[in-house]
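Engineer: Everything below, folded, please.
(one chain, ligands or ions: 2)
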Amino acid sequence: MLYLNLWRRPIKSSRKLIFEELLKSISSHVLSPDKKSILIKACIFDLDGVIVDTAHYHFLAWKRLADELGFELTEADNERLKGVSRMQSLDIVLELGGITVSEHNKFVLANKKNTWFVDYVERMAPEEIFPGVKHLIHELRSAGIKVALASSSKNAKTVVQLLHIQNEFDALVDGTMVANSKPHPEIFLLAASKLGVKPEECIVFEDAEAGVEAALAAGMKCVGVGSPLQLKAAHKVIAKTGEFKIREIANL
Ligand code: BG6
Ligand code: MG
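Structural biologist: Ligands and ions are numbered 1, 2, ... in the order given. Presented below is the predicted three-dimensional model:
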């Protein structure tokens, strides 16, 4: 059980001592700004665009497919592809290009895009994990907060293994385990149930509009990672995941 006490911020000289004091205060008693106790037991991280820049590799692969199909896919178009499943992304890409194909050809195109994506990802180094992310996960777990990964990607396990972070999570949920893709809340509700916590005890970190929508639909708090304009529905928006400070939990 973890409470953050905003009113008992540690005042120590060295940064290390401040952090130790913060951890102590977390496990004691803390109040939210509206003076109601809040309880956060888990943080759930999206993968692509939150832990590593694989969102960019997804974009490159979809762009390559659009090029082959004879139209240009822009970064702005790509915002609609973030967070949603492979086949839903393909439907959006085809709609953007004004193209109709048979169900069989949809699978051919989706496989082609996936082959390119996997090719980019396999050349990725573990150092490509966003700065500060591992540190944040370690801080959260040291404070007794559970940490899960919830990604719509069916390649999530491969990416996590390539980054050597498979042991950093208490639970991992990916696109192979759910029937409904974000913005449906299923993936986050499944992550919470695997962690043994209630939805309202979770904070989700998301870079996709569909992901923010899913987190809110699940009854969770959401930290958007990226543009405040794009992710305005989130409780808070930060530019990069590693910027998040655990003392901010009480202010969400
Ligand atoms: C999400 C990405 O994490 O996974 C989407 O934000 C992607 O862009 C989706 O389409 C599915 O990924 P995959 O690896 O199963 O094709
Ligand atoms: Mg994402």
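Engineer: Please report how far the residue most central in space within the chain lies from Leu39.
Structural biologist: In the chain, the centroid-proximal residue (C-alpha atoms, centre = their mean) is Asp46; its distance is 1.8 Å. With distances defined as C-beta to C-beta, to the nearest Å, the gap from Asp46 to Leu39 amounts to 22 Å. C-beta here means a position set from N, CA and C on the backbone, and glycine is covered the same way.
Engineer: Contact partners for Glu122?
Structural biologist: Contact partners of Glu122, counting by C-beta atoms under 8 Å, 6 or more residues apart in numbering, are Leu162.
Engineer: Pull up the gap between it and Trp116, please.
Structural biologist: Distance, Glu122 to Trp116, by C-beta to C-beta: 11 Å.
Engineer: Over to Glu200?
Structural biologist: Note on Glu200: its distance to Trp116, by C-beta to C-beta, is 40 Å.
Engineer: related to what we said a few turns ago, what residues are up against the residue nearest to the centre of the chain?
Structural biologist: If you count contacts by C-beta under 8 Å, 6+ apart, Asp46 has them with 83, 149-151, 204-208, 211.
Engineer: near ligand 1, from those residues?
Structural biologist: Contacts with ligand 1 within the contacts of Asp46, counted by C-beta under 6 Å from any ligand atom: 83, 151, 208.
Engineer: Local confidence estimate at the first one?
Structural biologist: It stands for Gly83. Looking at Gly83, its pLDDT reads 96.
Engineer: before we move on, what about Leu39?
Structural biologist: Each residue has a pLDDT score; the one for Leu39 is 89.
Engineer: now it, nearest residue through space, not along the chain?
Structural biologist: Glu201 (5.7 Å; C-beta to C-beta, 6 or more residues apart in numbering).
Engineer: can you count the residues close to that neighbour?
Structural biologist: If you count neighbours by other C-beta atoms under 10 Å, Glu201 ends up with 21.
Engineer: Enumerate the residues of this protein near ligand 1.
Structural biologist: Counting by C-beta under 6 Å from any ligand atom, the residues of the chain close to ligand 1 are 47-48, 55, 58, 81-83, 85-86, 89, 114, 151-155, 175, 208.
Engineer: Now do stretch 89-108, average pLDDT.
Structural biologist: Mean pLDDT, computed over stretch 89-108, is 98.
Engineer: can you list the residues that contact it?
Structural biologist: 58, 62, 65-66, 69-71, 73, 77, 80-81, 84, 87, 109-110, 113.
Engineer: of those residues, buried ones?
Structural biologist: For the contacts of stretch 89-108, a neighbour count by 16 or more other C-beta atoms under 10 Å gives the buried set as 58, 62, 65-66, 69, 73, 77, 80-81, 84, 109-110, 113.
Engineer: Which two of the residues you listed have the greatest separation?
Structural biologist: Set against one another by C-beta to C-beta, the buried ones among the contacts of stretch 89-108 have their most distant pair in Leu69 and Val84, with a gap of 18.8 Å.
Engineer: List the buried residues of stretch 230-242.
Structural biologist: Buried residues in stretch 230-242, defined by neighbour count with 16+ other C-beta under 10 Å: 230-231, 234-235, 237-238, 241-242.
Engineer: Count residues in the vicinity of Arg141, would you?
Structural biologist: When counting by other C-beta under 10 Å, one arrives at 15 neighbours for Arg141.
Engineer: Likewise for the one 3 residues further on?
Structural biologist: When counting by other C-beta under 10 Å, one arrives at 12 neighbours for Gly144.
Engineer: start at 568 instead
Structural biologist: In the new count, where the first residue is 568, that last one comes out as Gly711.
Engineer: in which helix or strand would I find it?
Structural biologist: Here Gly711 is covered by no helix or strand, with elements defined by DSSP states H and E.
Engineer: ok, now how distant is it from His751?
Structural biologist: Gly711 is 30 Å from His751, by C-beta to C-beta.
Engineer: any idea how far stretch 759-779 is from the chain center?
Structural biologist: Per C-alpha atoms, centre = their mean, to the nearest Å, the displacement of stretch 759-779 from the mean C-alpha position of its chain is 9 Å.
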